[in-house]
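> got a structure for you, letters missing:
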Ligand SMILES: NC(=O)C1=CN([C@@H]2O[C@H](COP(=O)(O)OP(=O)(O)OC[C@H]3O[C@@H](n4cnc5c(N)ncnc54)[C@H](O)[C@@H]3O)[C@@H](O)[C@H]2O)C=CC1
Ligand SMILES: N[C@@H](CC=O)C(=O)O
Ligand code: NA
């Protein structure tokens with residue numbers, strides 16, 4: 001059988017493992033595809049850079065533009081917007097099917113790329129882009145295509161989960177834990193993308209688009225990272241029997257004007273009894289709630305070269321099979337065209353730590369601020385600190401706008417010295 005020509009663009013953490021697996025699994029891949037997958041080139045930025053794998057003689061090139069024109073299948077693992085976008089478009093235009101792990105690009109400009117794939121009648125697959133090795137996009141796109149998904153809740157960034165886990169279990173400092181995650185190949189080229197929640201927001205946009213058959217871009221996602229999570233927050237969560245996690249949440253919300261999508265990424269306290277609380281190190285997990293199936297959980301390694309390469313190779317086998325059969329997998333499904341709700345209309349709960357004067361009437365005044373905004377209080381804890389005290393208030397569910405207005409009101413009160421921490425609470429009693 002005539003081989004299918006494969007080009008790999010980028011030979012970093014993921015690309016090097018794709019090259020290794022293509023070589024090590026060549027026999028099995030041939031049998032599974034029905035034709036050999038022949039690596040015809042690996043595009044790199046510098047020919048003499050040190051690499052994790054030995055690339056066969058003559059296959060390295062700095063001319064990615066030329067390489068994509070002579071491949072049947074192109075794997076894009078450079079990352080970022082350009083030149084990745086132009087190379088993917090060029091590959092499709094030349095009749096190649098494309099596999100990418102590039103969530104940043106898909107969340108920013110996915111529809112243009114999906115349209116190009118439609119025009120070229122080729123596949124554009126991206127299972128590796130969300131939660132690394134975990135099969136989650138294919139289940140949403142195919143296995144759950146007959147169901148109605150209502151909520152997706154997940155830990156989708158390995159680097160931040162690794163950092164928060166080390167802060168919780170080993171008392172590590174933020175910088176030290178980030179350095180370790182970078183050494184292990186979990187972090188993005190610019191780790192700000194992880195730490196500030198951009199990476200998780202991109203993944204949330206992709207998940208929301210697939211789950212709710214609507215176009216959701218990274219700009220639609222409310223995003224907060226973990227750079228302001230302190231050791232005190234982690235300790236406070238611990239005292240409540242909770243743990244701090246960076247969550248990506250995409251929900252279907254009913255409204256007078258019809259159904260809408262709410263999508264957000266932020267740190268949140270979740271009870272230790274919640275299954276997501278036990279997701280340690282760089283592991284990821286995604287909960288999917290759907291009407292007919294109920295609750296589903298997908299768990300596994302969400303980052304790292306080799307796990308991510310597993311998802312890339314899985315897609316590569318599928319798009320190769322499709323090409324041989326002269327067919328395509330499912331393309332973009334955005335028919336529902338649901339709008340995205342502003343964050344203020346999202347329903348959530350708050351954990352608020354407040355330094356106050358320790359005198360009569362202060363607790364009542366603080367409770368009144370919550371009542372003024374129509375927010376019901378679930379628990380209050382007070383700790384004496386000499387002439388001062390710290391109050392920790394956990395609210396019941398309210399809109400984010402009500403909760404934010406409550407915090408603003410607290411900040412104006414004489415008895416309140418400082419609102420020291422505000423964090424959302426998920427996964428417990430509403
Ligand atoms: N590392 C991980 O755990 C995961 C990464 N991803 C995604 O996979 C993609 C690759 O990530 P990593 O391998 O971690 O990044 P990396 O930074 O280790 O590798 C990217 C490689 O592309 C090369 N490159 C840059 N510009 C190039 C160009 N014009 N032509 C050829 N090569 C070029 C760089 O020199 C680098 O070696 C990104 O989109 C990332 O978001 C997705 C899931 C997990
Ligand atoms: N930097 C990302 C890599 C996988 O997408 C992460 O830490 O999860
Ligand atoms: Na995945």
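Done, it's in. As the structure is a prediction and not an experimental result, all values here were calculated from the model. Numbering: from 1, shown residues only. Ligands and ions are numbered 1, 2, ... in the order given.
> which sections of this structure are below the confidence cut-off?
Low-confidence segments of the chain, defined by pLDDT under 70: 255-256, 428-430.
> next SSE downstream of the longest helix along it?
Looking only at the chain and at elements set by DSSP state H, the helix with the highest residue count is helix 305-325. Next along the chain after helix 305-325, taking DSSP states H and E as the criterion, comes strand 347-357.
> residues in contact with the closest residue to residue 69 other than its chain neighbours?
Closest residue in space to residue 69, ignoring its immediate chain neighbours: residue 94 at 4.9 Å, by CB to CB, 6 or more residues apart in numbering. Every C-beta, even on glycine, is put in place using the N, C-alpha and C of the backbone. When the contact criterion is CB atoms under 8 Å, 6 or more residues apart in numbering, the partners of residue 94 are 68-69, 71.
> how much space between residue 301 and residue 110?
24 Å (CB to CB, to the nearest Å).
> which one of the two has more residues nearby?
Of the pair residue 301 and residue 110, residue 110 is the one with more neighbours under other CB atoms under 10 Å, namely 24 against 20.
> how much space between the more buried one and residue 34?
From residue 110 over to residue 34 (counting by CB to CB), the distance is 30 Å.
> follow-up on the earlier one: chain center to the longest helix of the chain, what's the gap?
21 Å (CA atoms, centre = their mean, to the nearest Å).
> again with stretch 372-389
Once both centres are worked out by CA atoms, centre = their mean, stretch 372-389 turns out to sit 34 Å from its chain's centre.
> not counting its neighbours along the chain, what's nearest the residue of the stretch 251-400 of the chain found nearest ligand 1?
When CB to the nearest ligand atom is the measure, the stretch 251-400 of the chain has its nearest residue to ligand 1 at residue 303, with 3.5 Å between them. Beyond its immediate neighbours in the sequence, the residue positioned closest to residue 303 (CB to CB, 6+ apart) is residue 158, lying 3.1 Å away.
> residues of this protein that sit close to ligand 1?
Residues of the chain that fall close to ligand 1, judged by CB under 6 Å from any ligand atom: 9-15, 43-45, 64, 77-79, 83, 101-103, 128, 132, 185-186, 188-189, 303-305, 308.
> which of the residues you listed fall in strands?
Within those, residues falling in strands by DSSP state E are 9, 43.
> can you tell me which of the residues of the chain next to ligand 1 are buried?
Burial by neighbour count, 16 or more other CB atoms under 10 Å: within those this picks out 9-15, 43-44, 64, 77-79, 101-103, 128, 132, 185-186, 188, 303-305, 308.
> thinking again about what came up before, could you dump the contacts of residue 94 into a markdown table and include secondary structure and distance to ligand 2?
Formatted as a markdown table, the entries for these read as follows, by DSSP: H, G, I helix; E, B strand; the rest coil; distance: CB to the nearest ligand atom, whole Å:
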| residue | secondary structure | distance to ligand 2 |
| --- | --- | --- |
| 68 | helix | 23 |
| 69 | helix | 29 |
| 71 | coil | 24 |
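> just the buried residues from the residues you listed, in ChimeraX please.
Selection command for ChimeraX covering only the buried members of the contacts of residue 94, criterion 16+ other CB under 10 Å:
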select :68,71
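> and whatever residue of the chain ends up closest to ligand 1, what does it touch?
Residue nearest to ligand 1 within the chain: residue 12 (1.9 Å; CB to the nearest ligand atom). When contacts are counted by CB under 8 Å, 6+ apart, residue 12 touches 77, 79, 189, 305.
> same check on residue 206?
103, 106-107, 110, 126, 129-130, 137.
> turn these into JSON lines, columns for secondary structure.
Listed next are the contacts of residue 206 as JSON lines, based on DSSP: H, G, I helix; E, B strand; the rest coil:
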{"residue": "103", "secondary structure": "helix"}
{"residue": "106", "secondary structure": "helix"}
{"residue": "107", "secondary structure": "helix"}
{"residue": "110", "secondary structure": "helix"}
{"residue": "126", "secondary structure": "coil"}
{"residue": "129", "secondary structure": "helix"}
{"residue": "130", "secondary structure": "coil"}
{"residue": "137", "secondary structure": "helix"}
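> which of these lies closest to residue 275?
residue 130 (18.8 Å; CB to CB).
> that closest one touches residue 207, doesn't it?
Yes - using CB atoms under 8 Å, residue 130 is in contact with residue 207, at 6.1 Å.
> need the residues touching each of the two.
Jointly contacting residue 130 and residue 207 under the rule CB under 8 Å, 6+ apart are 136-137, 156, 286.
> closest to residue 363 among those?
Taking the shared contacts of residue 130 and residue 207 together and measuring to residue 363 by CB to CB, the closest member is residue 156, at 38.8 Å.
> where's the nearest residue to that closest one once chain neighbours are set aside, which helix or strand?
Nearest-residue entry for residue 156: residue 203, 4.4 Å, with adjacent residues in sequence omitted and distances by CB to CB, 6+ apart. Here residue 203 is covered by helix 198-212, with elements defined by DSSP H and E.
> returning to that earlier point: out of the shared contacts of residue 130 and residue 207, list just those in helices.
Among the shared contacts of residue 130 and residue 207, the members falling in helices are residue 137 (criterion: DSSP H).
> farthest-apart pair in the shared contacts of residue 130 and residue 207, please.
137 and 156 (11.5 Å).
> residue 177 and residue 160, how far apart?
10 Å.
> so residue 374, which of the three states?
For residue 374, the reduced secondary structure class is coil; criterion used: three-state DSSP.
> okay, now it: neighbour count?
The tally of other residues near residue 374 (other CB under 10 Å) stands at 11.
> how about it, nearest residue that isn't a chain neighbour?
Beyond its immediate neighbours in the sequence, the residue positioned closest to residue 374 (CB to CB, 6+ apart) is residue 402, lying 5.7 Å away.
> pretty sure that neighbour is touching residue 373, no?
Yes - because the distance of 4.8 Å satisfies CB under 8 Å, residue 402 is recorded as touching residue 373.
> quick one: contacts for the residue in the stretch 251-400 of the chain positioned nearest to ligand 3?
Checking the stretch 251-400 of the chain residue by residue against ligand 3 with CB to the ion singles out residue 311 as nearest, at 4.8 Å. Residues in contact with residue 311 (CB under 8 Å, 6+ apart) are 101, 127-128, 132-135.
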